[in-house]
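[1] Pasting a predicted model and its sequence here:
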Amino acid sequence: MLSDSRLRALFALLAALVLALGVGACGDNDDDGGDGGGGQSANLIESNPDNQGIQLTVGSKNFTEEFILGNIYAQALQAAGYSVNTDLNLGSEQIALKALEDGEISGYPEYTSTVLTSFFGKEANQVPAEAQAAFDEAQTELQSRGLVAFAPTPFADANAVGMLTERATELGVTTISDLSGKSQDLTLYGSPECRQRVDCLVGLEDVYGLQFKSFNPVDIGLRYTVLDQGQADLSIVFTSDAQLSANPDKYTLLEDDKGIFPAGNVIWVTDQKTVDAAGPDYQATIEKVQEGLTLAVMQELNARVDIDKRPDLAGKFDVQDAPTLVLVCGQRVVERLEGRASVSQIEAMLEEHLTGAPLAAA
């Protein structure tokens with residue numbers, strides 16, 4: 001049986017599907033003989049013959065959320081008629097940016113906060129807190145390098161200092177500043193690039209004045225494992241991580257009371273040459289497919305891979321998969337939303353497909 005938090009997240013997926021029909025929906029080429037969607041068909045991403053023969057390569061960085069986003073964008077662009085390849089798991093943001101500037105990829109998902117701090121040297125407190133303002137500033141900076149960003153996702157993500165709640169209680173810490181006088185006895189784990197980032201180890205040392213017993217680079221997929229196994233006292237995690245919504249009492253995020261971890265919405269970063277060659281459907285498709293990506297939906301998508309161990313959902317999506325029902329909808333989903341299946345049937349279908357068990361009682 002799913003936990004209450006997972007059930008709430010599942011219903012968030014369902015709500016995104018029912019209330020925002022076609023959010024990220026990819027139209028298929030099947031014709032059921034009628035107009036099918038009525039006024040709803042305009043919400044689908046439809047294949048445009050003008051896009052045939054235009055080659056696009058979708059890249060991503062090296063963690064679950066990026067894999068999922070990369071595949072969502074790739075399938076949406078393919079549904080719009082483009083010829084799409086993927087080059088996922090490129091590495092850090094610097095490697096992904098170089099791949100874009102070298103013409104190896106057409107674009108990839110990045111975070112506004114990362115663009116401003118890692119690429120353009122902004123201090124964390126210089127990153128606008130408001131999503132549109134951060135996007136506008138990132139867009140201006142990227143344009144100076146011949147790059148272009150598309151509108152941001154609804155959800156934002158940020159680094160955070162995470163620890164087991166039991167350990168936080170034992171140490172009596174609730175903020176990062178509370179680690180003063182204690183950090184020298186604590187081990188910190190984070191991604192390898194954390195060493196160079198102001199919204200990571202650099203900020204913890206320079207802004208908070210903390211020194212740790214050790215900093216240990218770790219694969220992003222193991223950041224919670226090292227906490228669970230007692231290897232790490234502290235781990236740099238993401239606020240959109242599935243583990244936080246699935247186990248809200250197990251882990252504690254320390255308050256960033258000096259503001260070194262700015263939140264960043266996801267933006268699609270590409271170059272002007274690709275924008276010109278790909279035509280108007282390129283930007284329109286990217287922005288349409290991400291409209292339903294709220295924090296609850298993104299956490300649930302991450303959970304399907306990181307908690308339920310469904311690596312297939314980080315790879316090729318299938319229209320049978322519930323996350324895809326939210327993000328890559330086909331005609332069969334439209335039919336359900338037109339009343340050919342009840343909401344309870346949709347709920348049961350989502351839960352049964354993902355867990356192999358009927359929907360748990362509320």
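    Structure's in. What do you need? Residues are numbered from 1 along each chain as shown.
[2] Backbone dihedrals for the closest residue to Gln290 other than its chain neighbours, please?
    In this structure, Gln290 finds its nearest non-sequential neighbour in Thr153, 4.7 Å apart by Cβ to Cβ, 6 or more residues apart in numbering. C-beta here means a position set from N, CA and C on the backbone, and glycine is covered the same way. Main-chain torsions, Thr153, degrees, to the nearest 10: phi -70, psi 160.
[3] Contact partners for Thr153?
    Asn265, Val266, Ile267, Gln290, Leu293 (Cβ atoms under 8 Å, 6 or more residues apart in numbering).
[4] can we see that at 10 Å?
    69, 109, 111-112, 131, 264-268, 287, 289-295, 297-298 (Cβ atoms under 10 Å, 6 or more residues apart in numbering).
[5] same deal with Asp276?
    Taking Cβ under 10 Å, 6+ apart as the test, what Asp276 contacts is Val148, Tyr282.
[6] any idea whether it is helix, strand or coil?
    helix (DSSP: H, G, I helix; E, B strand; the rest coil).
[7] Show me how the protein divides into domains.
    4-156+263-355, 159-253 (automatic domain parsing).
[8] The last one - what's its average pLDDT?
    Meaning domain 159-253. Averaging pLDDT along domain 159-253 yields 95.
[9] now the first one
    The average pLDDT for domain 4-156+263-355 rounds to 74.
[10] burial of Pro49, as a residue count?
    7 (other Cβ atoms under 10 Å).
[11] Spatially central residue in the chain, please.
    Glu65 (4.1 Å; Cα atoms, centre = their mean).
[12] Quick one: classify that one as helix, strand or coil.
    helix.
[13] I'd say it and Ile220 touch.
    Yes - Glu65 lies in contact with Ile220 (Cβ atoms under 10 Å); the separation is 9.3 Å.
[14] Find residues that contact each of the two.
    With Cβ under 10 Å, 6+ apart, Glu65 and Ile220 have common neighbours Phe238, Asp241.
[15] Contacts only, for Phe63.
    Phe63 makes contact with Asn89, Ser191, Asp219, Ile220, Gly221, Arg223, Phe238, Asp241, Asn302, Asp306, Ala314, according to Cβ under 10 Å, 6+ apart.
[16] export these to JSON lines and tack on secondary structure and distance to Thr175?
    Below are the contacts of Phe63 laid out as JSON lines (DSSP: H, G, I helix; E, B strand; the rest coil; distance: Cβ to Cβ, whole Å):
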{"residue": "Asn89", "secondary structure": "coil", "distance to Thr175": "34"}
{"residue": "Ser191", "secondary structure": "coil", "distance to Thr175": "23"}
{"residue": "Asp219", "secondary structure": "coil", "distance to Thr175": "28"}
{"residue": "Ile220", "secondary structure": "helix", "distance to Thr175": "24"}
{"residue": "Gly221", "secondary structure": "helix", "distance to Thr175": "27"}
{"residue": "Arg223", "secondary structure": "coil", "distance to Thr175": "20"}
{"residue": "Phe238", "secondary structure": "strand", "distance to Thr175": "19"}
{"residue": "Asp241", "secondary structure": "coil", "distance to Thr175": "20"}
{"residue": "Asn302", "secondary structure": "helix", "distance to Thr175": "26"}
{"residue": "Asp306", "secondary structure": "helix", "distance to Thr175": "27"}
{"residue": "Ala314", "secondary structure": "coil", "distance to Thr175": "34"}
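[17] By the neighbour-count criterion, which of these qualify as buried?
    Buried by 16 or more other Cβ atoms under 10 Å: Ser191, Ile220, Arg223, Phe238, Asp241, Asn302, Asp306, Ala314, out of the contacts of Phe63.
[18] quick one, strands of the stretch 101-250 of the chain?
    107-111, 147-149, 156-157, 159-164, 187-190, 214-217, 234-238 (DSSP state E, counting those that start in this stretch).
[19] For Asp257, which of those strands is the nearest?
    The closest of the strands of the stretch 101-250 of the chain to Asp257 is strand 159-164. By Cβ to Cβ, the value is 11.0 Å.
[20] So what are the sheet partners of the closest one and their directions?
    strand 234-238 (antiparallel), strand 251-253 (antiparallel) (DSSP bridges).
[21] could these go into TSV alongside distance to Gln75?
    Output for those, formatted as TSV (distance: least, Cβ to Cβ, whole Å):
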stretch	distance to Gln75
strand 234-238	23
strand 251-253	32
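[22] wouldn't Gln290 be in contact with Val266 here?
    Yes - counting by Cβ under 10 Å, Val266 is a contact partner of Gln290 at 7.2 Å.
[23] what touches both of the two?
    Contacts common to Gln290 and Val266, judged by Cβ under 10 Å, 6+ apart, are Leu69, Tyr73, Pro109, Phe150, Pro152, Thr153, Pro154, Phe155, Met298.
[24] With respect to Leu201, which of those is nearest?
    Distances from Leu201 to these, taken by Cβ to Cβ, are shortest for Pro109, at 23.8 Å.
[25] Name all residues that make contact with that closest one.
    58-61, 65-66, 68-70, 72-73, 96, 150, 153, 266-269, 286, 290.
[26] ok, the buried ones among the contacts of Phe63 vs Asp257, which is closest?
    Using Cβ to Cβ, the buried ones among the contacts of Phe63 come closest to Asp257 at Phe238, 19.0 Å.
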